[in-house]
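Asker: Below is the structure, and that's it, no one-letter string:
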């Protein structure tokens with residue numbers, strides 16, 4: 001596929017890949033390489049200029065956006081929360097969900113006990129854009145919302161890049177659990193979050209420059225290996241409290 005936000009400036013140059021059903025593919029690369037653009041195209045926020053994107057053999061341009069988005073769950077970097085209750089924000093994942101289903105999704109996202117510990121439980125209001133919740137708590141709500149939707153295709157778009165290392169590790173454990181038996185596309189800056197992916201493709205300036213499993217890419221001593229070594233050094237370096245040096249791309253909205 002080929003795509004550019006401006007027809008005169010192409011962003012993706014002949015990108016081609018396949019994610020087998022039930023497997024996980026990760027997309028990594030430097031900032032501006034086009035990683036999150038692919039997630040937006042999959043959700044049909046934009047249509048490509050040439051080529052095609054298919055899910056289970058169906059061209060996404062030939063189906064309704066409603067049916068397409070019903071089949072895809074996305075956990076973004078910046079979770080969009082409504083100024084309403086935690087229960088309402090989780091329930092947004094699927095209209096008509098019962099309280100038991102909402103609580104089951106919260107348990108799977110490992111946030112149920114936290115919610116019960118709040119004075120009003122699931123009726124606790126989260127504030128404007130969820131300001132009463134921490135970053136990790138908001139991400140768990142995002143995960144619970146996606147689990148309630150129960151989509152066959154899962155997109156994790158820089159889902160943990162705004163979190164501190166400890167919280168990121170906890171959230172990654174939850175994400176690995178919900179990715180099992182789902183077709184999963186992971187867009188990531190931090191390579192430590194994609195080492196278990198079935199395949200990793202490395203983008204640079206809108207082109208796939210490397211692809212393979214983590215160990216193979218490290219051994220190839222190319223761009224991925226360079227990024228891995230640099231991030232390993234950053235992880236070992238002391239970081240001031242509240243500082244997060246992750247180079248982030250804008251996240252796709254959550255629907």
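Answerer: Ah, there it is. Being a predicted model, the structure only gives us computed values, none of them experimental.
Asker: Going by C-alpha atoms from here, please, whenever you check contacts or count neighbours.
Answerer: OK.
Asker: Torsion angles phi and psi at the spatially most central residue of the chain?
Answerer: Taking C-alpha atoms, centre = their mean, the centroid of the chain lies closest to residue 156, which sits 1.5 Å from it. Taking degrees, to the nearest 10, you get phi -110, psi 100 for the backbone angles of residue 156.
Asker: Quick check: next helix or strand after the one helix or strand in the chain whose mean pLDDT sits lowest?
Answerer: Least confident helix or strand, the chain: helix 165-179 with a mean of 85, by mean pLDDT, DSSP states H and E. Toward the C-terminal end, the helix or strand that comes next after helix 165-179 (DSSP states H and E) is strand 183-187.
Asker: May I see the buried residues of the least confident helix or strand of the chain?
Answerer: 168, 171, 172, 174, 175, 178, 179 (16 or more other C-alpha atoms under 10 Å).
Asker: ok, now stretch 98-117?
Answerer: Quick answer for stretch 98-117 (16+ other C-alpha under 10 Å): 101-112, 115.
Asker: pLDDT below threshold where in the protein?
Answerer: Along the chain, the parts satisfying pLDDT under 70 run over 236-255.
Asker: And the helices in it?
Answerer: Ranges of helices in the chain, per DSSP state H, are 35-42, 65-70, 86-91, 99-108, 112-116, 135-149, 165-179, 214-220, 223-236.
Asker: Same list (the ones you listed) but as CSV, adding distance to residue 201.
Answerer: Shown next, in CSV, are these (distance: least, C-alpha to C-alpha, whole Å):
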stretch, distance to residue 201
helix 35-42, 10
helix 65-70, 24
helix 86-91, 32
helix 99-108, 29
helix 112-116, 35
helix 135-149, 24
helix 165-179, 18
helix 214-220, 10
helix 223-236, 9
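Asker: Point out the one among the ones you listed that comes closest to residue 207.
Answerer: helix 35-42 (10.2 Å; C-alpha to C-alpha).
Asker: Show me what that closest one is packed up against.
Answerer: When contacts are defined as 3 or more C-alpha pairs under 8 Å, 6 or more residues apart in numbering; DSSP states H and E, helix 35-42 packs onto strand 153-157, strand 183-187.
Asker: still on that earlier bit, so what does the least confident helix or strand of the chain touch, helix or strand wise?
Answerer: Checking 3+ C-alpha pairs under 8 Å, 6+ apart, helix 165-179 ends up next to helix 135-149.
Asker: Strand 153-157 and the helix it packs on, what's the angle between them?
Answerer: 160 degrees (axes from the mean of the first three to the mean of the last three C-alpha atoms, to 10 degrees).
Asker: need the helices and strands packed on helix 35-42 in TSV with distance to residue 97, can you?
Answerer: TSV is the format used below for these (distance: least, C-alpha to C-alpha, whole Å):
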stretch	distance to residue 97
strand 153-157	20
strand 183-187	23
